[in-house]
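Q: pasting the sequence and the predicted coordinates here, then a few questions.
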Amino acid sequence: MYKKLIHFILMMVFSNAVFSQDFELGIKGGADVQKISGVSFKEEFGFGYHLGAYTEIKLSKTFSIQPELYYSAATMNKGNSLDTLLYDISTNIKKIKFGYLNIPILINIKLSDKVKLQAGPRYGILSNTNLSVKANAENALKSGDFALVSGIQLKYDKIRVYARYQIGVTNMNQISGKENWKSQSIHIGIGLKII
């Protein structure tokens, strides 16, 4: 259901953007500091990156909507109980790599010509993990992660500098009812306006 809703919203937003004079299109990239809470993961942040594209559509002098599509990847340390949950995983794996295709739809609130506050939902689709070495990751992790995003964006001519905090609201664990695995990330990067 989430995928159908996101496809519909993106289709509506991009079709409106094509006929709108008040929109911009750009590319973005930067660093991610991510964490999955739960006893199967060490309670520490892992480092990663993100790359993708964004569009911003002006709704009024103060508000705009900013849909994005980007890929993010991060590596995290495995906790002690993950071997028990994934009984066939190799004990030699000490770090777990995650890759997600992310679709946030943010509302921008313009505070000045150079500063905007951002907030909105983000849906992430699991696209890559090294758990598949011996265990099927889709049996361990839900294929989708829904999160809430808040942050700030600074504008310098065609450059956009942003910092965001994302917190997961869905339990990513689908193999054990004992643990809640929820994502958190700090998202820092630079965007470049192309159109």
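A: Okay, I see it.
Q: dump the residue contacts of residue 29.
A: Counting by Cβ atoms under 8 Å, 6 or more residues apart in numbering, residue 29 makes contact with 49, 50, 51, 52, 189, 190. All C-beta atoms are positioned from the backbone trio N, CA, C, and that covers glycine.
Q: mind doing that once more with 10 Å?
A: Contacts for residue 29 (Cβ atoms under 10 Å, 6 or more residues apart in numbering) come out as 49, 50, 51, 52, 53, 70, 71, 189, 190, 191, 192.
Q: I'd like those as TSV, with pLDDT appended.
A: Formatted as TSV, these follow (pLDDT from 0 to 100):
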residue	pLDDT
49	94
50	96
51	96
52	95
53	95
70	95
71	93
189	97
190	98
191	97
192	97
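Q: so of these, which ones are in strands?
A: Among the contacts of residue 29, DSSP state E puts 49, 50, 51, 52, 53, 70, 71, 189, 190, 191, 192 in strands.
Q: name the nearest residue to the fourth one, ignoring sequence neighbours.
A: When you say that, I think you mean residue 52. residue 70 (2.3 Å; Cβ to Cβ, 6 or more residues apart in numbering).
Q: isn't the one you found up against residue 104?
A: Yes: using Cβ atoms under 10 Å, residue 70 is in contact with residue 104, at 8.3 Å.
Q: who touches both of these two?
A: Both residue 70 and residue 104 are in contact with 52, 54, 122, 124, 187, where contact means Cβ under 10 Å, 6+ apart.
Q: from residue 114, how far out is residue 74?
A: From residue 74 across to residue 114, the span is 30 Å (Cβ to Cβ, to the nearest Å).
Q: which residues in this structure form strands?
A: According to DSSP E, the chain carries its strands in the segments 23-37, 46-58, 63-77, 95-110, 115-129, 144-156, 159-168, 182-193.
Q: low-confidence ranges in the protein?
A: Within the chain, the ranges that satisfy pLDDT under 70 run 1-21, 38-44, 77-95, 128-143, 173-179.
Q: could I get the contacts of residue 29 as a markdown table with distance to residue 98 and neighbour count?
A: Output for those, formatted as a markdown table (distance: Cβ to Cβ, whole Å; neighbours: other Cβ atoms under 10 Å):
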| residue | distance to residue 98 | neighbour count |
| --- | --- | --- |
| 49 | 12 | 14 |
| 50 | 12 | 22 |
| 51 | 15 | 13 |
| 52 | 16 | 20 |
| 53 | 21 | 15 |
| 70 | 14 | 24 |
| 71 | 11 | 16 |
| 189 | 18 | 19 |
| 190 | 23 | 14 |
| 191 | 23 | 24 |
| 192 | 26 | 12 |
